[in-house]
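K.L.:
Turn this into a structure:
(2 chains)
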Number of protein chains: 2
Amino acid sequence: MIKEKGILFILSGPSGVGKGTVRKKLFEEELDLQYSISMTTRDRRTGEVDGVDYFYKSREEFEKLVKEGELLEYAQYVNNYYGTPRKYVEETIEKGLDVFLEIEVQGAMQVKKNFPQGVFIFLFPPSLEELKNRIVNRGTESQELVLNRLKEARNEIEMMDAYDYVVVNDQVETAVDKVKAIIKSEHLKRERIAKQYKQILEDELS
Amino acid sequence: MIKEKGILFILSGPSGVGKGTVRKKLFEEELDLQYSISMTTRDRRTGEVDGVDYFYKSREEFEKLVKEGELLEYAQYVNNYYGTPRKYVEETIEKGLDVFLEIEVQGAMQVKKNFPQGVFIFLFPPSLEELKNRIVNRGTESQELVLNRLKEARNEIEMMDAYDYVVVNDQVETAVDKVKAIIKSEHLKRERIAKQYKQILEDELS
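P.N.:
Prediction:
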């Protein structure tokens, strides 16, 4: 009945908070959601498909797109660029589909600047102790790196003010249910849909 | 973990849209919600309990409370006043409980003025045709009254702009699920809870 645009949802939070776990669980349940496909300059691996796993670009192409404002956010890891292409997000939303982006806090802040109409969800650790355990228990990192990560996590939590919602990741199922409620209710916001409803009213009166 | 205040939710919409049905179904499922208890000047009937069914007041007392701004909304029906007492709502919310108020559009507009921090949900008819059928099928009313009700319904739909959310009442179960998602997600809004989360952060760092 109502032709509505999709919404870009951004799930973010300090490293170690469990963003990936919540996202995976959500995607097992929520089939109407499109996972945001990143753009990268890294080589395509066997089995990967352009436009499915990533959008593959040369360094030159990527930098040109950055200059043109075509990346909602980007970062460099191990000499390769990774970013979120504006065009893919906008086209998907235009089709009426929601896009879901799971991303580090720094990247989320870039998206906030370039796409403020997104809905920003901050995943909060059940406790800093718990967050520390999660970071430490990755096990592969030196103590110094762990301490740095913890400091960074605290700084990231301070950035909560830029977000629309805060979800505690105490239990993954509960957190996923909350994210689902946010997705559902955002589609019910009057400012998104009042125009279409009024159109219905006009149509039925004419 | 988090000590949070409750929220006043207002469900409203044109007459005949099915507000009462949605509210009843919601209360079968949602046990954490307090139904807003009205204040009235009508006589207490056998079996009714003051402070449970209604708060019973004399006409004089009621009018004094209106003057003192103690009613979030009120109206007169058949020579009796009915209204929503501010004190009950505020005290319940202070305890951390949500209050749910199902009310006509005119009353909702009064609440909006007196308690703008409430969350206003507009129940929208699946179609005007359907709304007409519901109004007509009450069966007890003259054609003129039916036409007036329809006109009024159209005017009430125009008032949608004052609301936070719009929920179509096409199927009562779907509408109830949507209202539940709104209730859940409103509690996750950053501006409601960020302060408490930052307190946790401070406490755990000290």
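
K.L.:
When you work out contacts or count neighbours from here on, use the C-alpha atoms and nothing else.
P.N.:
Fine.

K.L.:
For A:Asp170, which non-adjacent residue is spatially closest?
P.N.:
Leaving aside its sequence neighbours, A:Asp170 sits nearest to A:Pro126 (CA to CA, 6 or more residues apart in numbering or on different chains; 4.9 Å).

K.L.:
can you tell if the least confident helix or strand in chain A by mean pLDDT touches chain B?
P.N.:
Ranked by mean pLDDT, DSSP states H and E, the weakest helix or strand in chain A is helix A:128-137, scoring a mean of 72. Yes. Under the criterion of CA under 8 Å from any CA of the partner chain, helix A:128-137 makes contact with chain B via A:Leu128.

K.L.:
Outside of whatever helix or strand comes next after that helix itself, list whatever touches it.
P.N.:
Remark: after helix A:128-137, the chain's next helix or strand is helix A:143-158, criterion DSSP states H and E. With contact meaning CA atoms under 8 Å, 6 or more residues apart in numbering or on different chains, helix A:143-158 is reached by A:Gly13, A:Pro14, A:Ser15, A:Val105, A:Phe124, A:Lys132, A:Ile135, A:Val136, B:Lys198, B:Leu201.

K.L.:
Redo those as CSV? Include distance to A:Glu70 and neighbour count.
P.N.:
As requested, those are exported to CSV (distance: CA to CA, whole Å; neighbours: other CA atoms under 10 Å in any protein chain shown):
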residue, distance to A:Glu70, neighbour count
A:Gly13, 24, 28
A:Pro14, 26, 27
A:Ser15, 26, 21
A:Val105, 20, 22
A:Phe124, 30, 23
A:Lys132, 36, 18
A:Ile135, 33, 21
A:Val136, 37, 19
B:Lys198, 35, 14
B:Leu201, 36, 17
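
K.L.:
And those, which is closest to A:Leu71?
P.N.:
For A:Leu71, the closest of these turns out to be A:Val105, at 16.2 Å, with distances computed as CA to CA.

K.L.:
How about the contacts made by the closest one?
P.N.:
With CA under 8 Å, 6+ apart as the criterion, the residues that contact A:Val105 are A:Ser12, A:Gly13, A:Pro14, A:Glu156, A:Met159.

K.L.:
Could you provide those in a markdown table, with additional columns for pLDDT?
P.N.:
As requested, the contacts of A:Val105 are exported to a markdown table (pLDDT from 0 to 100):
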| residue | pLDDT |
| --- | --- |
| A:Ser12 | 96 |
| A:Gly13 | 91 |
| A:Pro14 | 86 |
| A:Glu156 | 81 |
| A:Met159 | 87 |
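
K.L.:
which among the residues you listed gets closest to chain B?
P.N.:
The shortest separation between chain B and any of the contacts of A:Val105 is 10.3 Å, and it belongs to A:Met159 (by CA to the nearest CA).

K.L.:
ok, now which ones touch that closest one?
P.N.:
When contacts are counted by CA under 8 Å, 6+ apart, A:Met159 touches A:Val105.

K.L.:
So which bits of chain A are right by chain B?
P.N.:
Contacts of chain A with chain B, taken as CA under 8 Å from any CA, map to A:127-128, A:154, A:158, A:160-161, A:163-167, A:178, A:181-182, A:184-185, A:188-191, A:193-194, A:198, A:200-201, A:204.

K.L.:
any idea what the residue nearest to A:Asp170 is structurally, helix, strand or coil?
P.N.:
Here A:Pro126 is recorded as coil under DSSP: H, G, I helix; E, B strand; the rest coil.

K.L.:
That one touches A:Val167, doesn't it?
P.N.:
No. Checked against CA atoms under 8 Å, the pair A:Pro126 and A:Val167 is beyond contact range at 9.5 Å.

K.L.:
Looking at those two, which is more packed in?
P.N.:
With neighbours defined as other CA atoms under 10 Å in any protein chain shown, A:Pro126 and A:Val167 compare such that A:Val167 has more, 26 against 17.

K.L.:
was I right about that one contacting A:Phe122?
P.N.:
Yes. With contact defined as CA under 8 Å, A:Val167 and A:Phe122 form a contacting pair (6.1 Å).

K.L.:
shared neighbours, these two?
P.N.:
Common neighbours of A:Val167 and A:Phe122 (CA under 8 Å, 6+ apart) do not exist.

K.L.:
per-residue confidence for the most centrally placed residue in chain A?
P.N.:
Centre of chain A computed as the mean C-alpha position; nearest residue by CA atoms, centre = their mean is A:Leu101, 2.3 Å away. Per-residue pLDDT puts A:Leu101 at 96.

K.L.:
cool, A:Pro126 as well?
P.N.:
At A:Pro126 the predicted local confidence, pLDDT, stands at 81.

K.L.:
measure it to A:Leu8 for me?
P.N.:
Taking CA to CA, to the nearest Å as the measure, A:Pro126 falls 25 Å from A:Leu8.
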